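> okay, predicted coordinates and the sequence, questions at the end:
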Amino acid sequence: MVTRIAAGRTYDFSHAMGRGGVGAGFNSGNALAFSSDNLVYVLSRGGEAVTAVPWHRTARGARVTKFDMGLHAGDEEFIKEFGETGNGRGQLIWPAGLAIDSRDDIYVSDEWMNRINVYDTDGNLLREWGTIGTGDGEFDGPSGLVMDSNDNLYVVDSRNHRVQKFSSDGRFVAKFGSPGDGEGQFNTPWGITLDQDGYLYVVDTNNHRVQKLTNEGQFVAQFGSYGDGRGELNHPSDVTVDPDGDVYVCDWGNDRVQAYDPSGSFFTSFVGDAQQLTKWSQMMH
Amino acid sequence: MVADDALKRRREVKDFQAEWRLRMPRAVAFDAPNSRLLILDTQRSRIQIYNKLQHYVTPARNL
């Protein structure tokens, strides 16, 4: 067992799960979220199988995979997958973000289609909204999603360099952010999360930082700067906050996860410790 | 089990350390009820899981 002790915190590597491919596996996993019964949903972005022919004839693998993780290595059980590649109703081209509301409805953003798809737990499409544009309620590359305790959905509108807030039925409520590198400004943001106190954390990807904001978009603090050293970030992609207030940032370009304490001080990195093949990999034919 | 051909090819690998590591992770989530960090290890098509221990005690061996 690999144990990491840092700044009074202790982490044990537990295990890895998953594999490449369809069914019990992922294909360029892009987001994950928990339902109220602690089942896990992973969003696969898929890939292009053949170049130089239209995407809708070659792309494959975009979908949501639902499974029960269990607690220990080998406990994981595949339940089902839904969504498929395409530009029809309920289909996905470049799925990017995933969020689950209090009814366990599943929200998926699609960067290419510039829309939000909403599914029930069985994968049936309930509703969808969105179109390309810069106006209120319009998108240019919607990516990260997070749902607040009142079932309002925050959508990172990546190429519009802003965050938009919607009701669960898709009604525009508010927006904040503008292009730039100042406080409360963004350069192609991507991931987003909420902490237990209701503060938003937005991954400001091309500014190589994470911004902590009030739920109305007022700047509070920021984490990280460009680089590959301690506490530095290279095109971060996602963020989460634990109940102690510790912040974990996916440092995509440096192949690691960076951890910061509630005051924003870096305290450790996770670089991966998966020394055993996963259960599903061992079952591969 | 892994297919025989895959097992044979894996026997040819001298050092698996690169395979242990994260490769372009895209997403991260904290499973609060179970106090564990989930890292979506995108390019290796898996999730790596770390338990955050709440009551870890370091033995004071110098006493």
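Done, it's in. Quantities reported herein were computed from a predicted structural model and do not represent experimental measurements. Numbers count the residues shown, from 1 in each chain, chains lettered A, B, ... in the order given.

> ranges for the helices of chain A?
A:55-58, A:279-282 (DSSP state H).

> how about residue 46, nearest residue that isn't a chain neighbour?
Since you didn't name a chain, this refers to chain A. Nearest residue to A:G46, sequence neighbours excluded (C-beta to C-beta, 6 or more residues apart in numbering or on different chains): A:G61, at 3.0 Å. (C-beta placed from N, C-alpha, C; glycine too.)

> right idea, wrong chain: chain B
Counting by C-beta to C-beta, 6+ apart, B:R46 lies nearest to A:G18, which is 3.8 Å off, once chain neighbours are set aside.

> okay, now that neighbour: neighbour count?
Counted with other C-beta atoms under 10 Å in any protein chain shown, the burial measure for A:G18 works out to 26 neighbours.

> give the contact list for it.
Residues near A:G18 by C-beta atoms under 8 Å, 6 or more residues apart in numbering or on different chains: A:G25, A:F26, A:G29, A:V42, A:T278, A:W280, A:S281, B:D41, B:S45, B:R46, B:I47.

> and B:I47, how far from chain A?
5 Å (C-beta to the nearest C-beta, to the nearest Å).

> return the member of the helices of chain A having the minimum mean pLDDT.
Sorting the helices of chain A by mean pLDDT places helix A:55-58 lowest, at a mean of 59.

> do you know the pLDDT at residue 17?
Just going to use chain A. A:M17 is given a pLDDT of 92.

> my bad, the chain I had in mind was chain B
Among the per-residue scores, B:Q17 shows a pLDDT of 86.

> got phi/psi on it?
Torsion angles at B:Q17 (phi, psi; degrees, to the nearest 10) stand at phi -60, psi -40.

> pretty sure A:T3 sits against A:T268.
No - with contact defined as C-beta atoms under 8 Å, A:T3 does not reach A:T268; the gap is 11.7 Å.

> list residues touching both of the two?
A:Y11.

> more neighbours: which of the two?
Taking other C-beta under 10 Å, A:T3 and A:T268 do not tie; A:T268 has more neighbours (19 against 13).

> look up how far B:R10 lies from the nearest residue to the more buried one once chain neighbours are set aside.
In space, and not counting its chain neighbours, A:T268 is closest to A:A6: 3.7 Å by C-beta to C-beta, 6+ apart. A:A6 sits 33 Å away from B:R10, taking C-beta to C-beta, to the nearest Å as the criterion.

> try A:R45
Distance check for A:R45 against B:R10: by C-beta to C-beta, it reads 27 Å.

> more crowded one of the two?
A:R45 (24 against 12).

> let me see the contact set for A:Y248.
A:V239, A:T240, A:V241, A:D242, A:V257, A:Q258, A:A259, A:F270, B:V28, B:F30, B:L37.

> report all helices and strands that the longest strand seen in chain B contacts.
Ordering each strand of chain B by length in residues (DSSP state E) puts strand B:46-53 first. Strand B:46-53 is packed against strand A:9-17, strand B:36-41, with contacts defined by 3 or more C-beta pairs under 8 Å, 6 or more residues apart in numbering or on different chains; DSSP states H and E.

> which residues sit in contact with the most centrally placed residue in chain B?
The C-alpha lying nearest the average C-alpha coordinate of chain B belongs to B:Q48 (C-alpha atoms, centre = their mean; 4.0 Å). B:Q48 makes contact with A:F13, A:A16, A:F270, A:G272, A:D273, A:A274, B:L22, B:L38, B:I39, B:D41, according to C-beta under 8 Å, 6+ apart.

> A:R159 and A:T134, how far apart?
9 Å.

> re the thing from before, distance to A:D148 and mean neighbour count added to the helices and strands packed on strand B:46-53, as CSV?
Shown next, in CSV, are those (distance: least, C-beta to C-beta, whole Å; neighbours: other C-beta atoms under 10 Å in any protein chain shown):
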stretch, distance to A:D148, mean neighbour count
strand A:9-17, 27, 21
strand B:36-41, 21, 24
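
> got those as JSON lines, with distance to A:V210 columns?
Compiled in JSON lines, the helices and strands packed on strand B:46-53 are given as follows (distance: least, C-beta to C-beta, whole Å):
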{"stretch": "strand A:9-17", "distance to A:V210": "19"}
{"stretch": "strand B:36-41", "distance to A:V210": "16"}
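
> worst mean pLDDT among those strands?
Here the lowest mean pLDDT among the helices and strands packed on strand B:46-53 goes to strand A:9-17, at a mean of 93.

> output the lowest mean pLDDT helix or strand found in the chain.
By default, I'm working from chain A. Within chain A, no helix or strand scores below helix A:55-58, which has a mean of 59 by mean pLDDT, DSSP states H and E.

> hang on, the earlier thing: intersection of neighbour lists for A:R159 and A:T134?
Common neighbours of A:R159 and A:T134 (C-beta under 8 Å, 6+ apart) are A:D140.

> so what touches stretch A:273-285?
A:2, A:13, A:15-19, A:21, A:24-25, A:73-74, A:76, A:78, B:1-3, B:6, B:16, B:19-20, B:41, B:44, B:46, B:48.

> give me the distance between the most centrally placed residue in chain A and A:T193.
Centroid-nearest residue in chain A, with C-alpha atoms, centre = their mean: A:A31, separated by 3.7 Å. Using C-beta to C-beta, A:A31 is found at 11 Å from A:T193.

> which residues of the chain score low on pLDDT?
Assuming you mean chain A. Residue ranges of chain A with pLDDT under 70: A:48-59, A:284-285.

> that's the wrong chain, I wanted chain B
Checking chain B against pLDDT under 70 turns up B:1-3, B:56-60, B:63.
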